[in-house]
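Colleague: this one's sequence-less:
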């Protein structure tokens, strides 16, 4: 198994999953057409993706809190212009936290032993040790946050008619 040092989250990323390997947590990245292993835990991969787009995981979480008033397991927008909205399955401080791309989810299905299966729009799936109710709640919260942020971005875009007025020098 090849393990990469870094990975750039992109619009084809379905999920960033926690995988324990030799006593360390690393990421198993599900993309449309491949699986990639990265030596960093999922929340670090997500943090680096946020930094690529000019913020950080903490900054995106703070933004979610300001817009949506959610503080625990907050969904984030890595890049709203390309539709990259992700949500964590547990606390992002937990090394077993998985991050799921909201736009690629087709269905969430109950699975045995209080786990759930996510079926993605391309037919791939993953089963996680997360209750069906908790996962559905995360999907719905992400949809609501996505709506609020998209609405805010569109409002600013439509109403940005301010003219720059230069103050005369004294």
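Modeller: On my side now, so go ahead. Just so you know, these numbers come straight off a predicted model, no measurement behind them.

Colleague: If you tally nearby residues, what's the number for the closest residue to residue 135 other than its chain neighbours?
Modeller: Leaving aside its sequence neighbours, residue 135 sits nearest to residue 116 (Cβ to Cβ, 6 or more residues apart in numbering; 4.6 Å). From N, CA and C alone the C-beta is placed, and that goes for glycine too. For residue 116, the neighbour count with other Cβ atoms under 10 Å is 20.

Colleague: same thing with residue 113?
Modeller: Neighbours of residue 113 (other Cβ under 10 Å): 6.

Colleague: Would you mind measuring from the closest residue to it other than its chain neighbours to residue 35?
Modeller: Sequence neighbours aside, residue 129 is the residue nearest to residue 113 in space, at 7.8 Å (criterion: Cβ to Cβ, 6+ apart). Distance from residue 129 to residue 35, counting by Cβ to Cβ, to the nearest Å: 19 Å.

Colleague: Check residue 63 too.
Modeller: Computed as Cβ to Cβ, the residue 63 to residue 35 distance reads 30 Å.

Colleague: same deal with residue 67?
Modeller: Counting by Cβ to Cβ - residue 67 and residue 35 are separated by 33 Å.

Colleague: ok, which stretches of the chain are strands?
Modeller: All strands of the chain, identified by DSSP state E, fall at 3-4, 13-21, 24-31, 35-38, 76-79, 84-88, 99-101, 105-111, 115-120, 125-128.

Colleague: Which one of these lies nearest to residue 54?
Modeller: strand 76-79 (9.2 Å; Cβ to Cβ).

Colleague: Show the average pLDDT along the closest one.
Modeller: Strand 76-79 carries an average pLDDT of 98.

Colleague: and what of stretch 127-136?
Modeller: When pLDDT is averaged over stretch 127-136, the result is 97.
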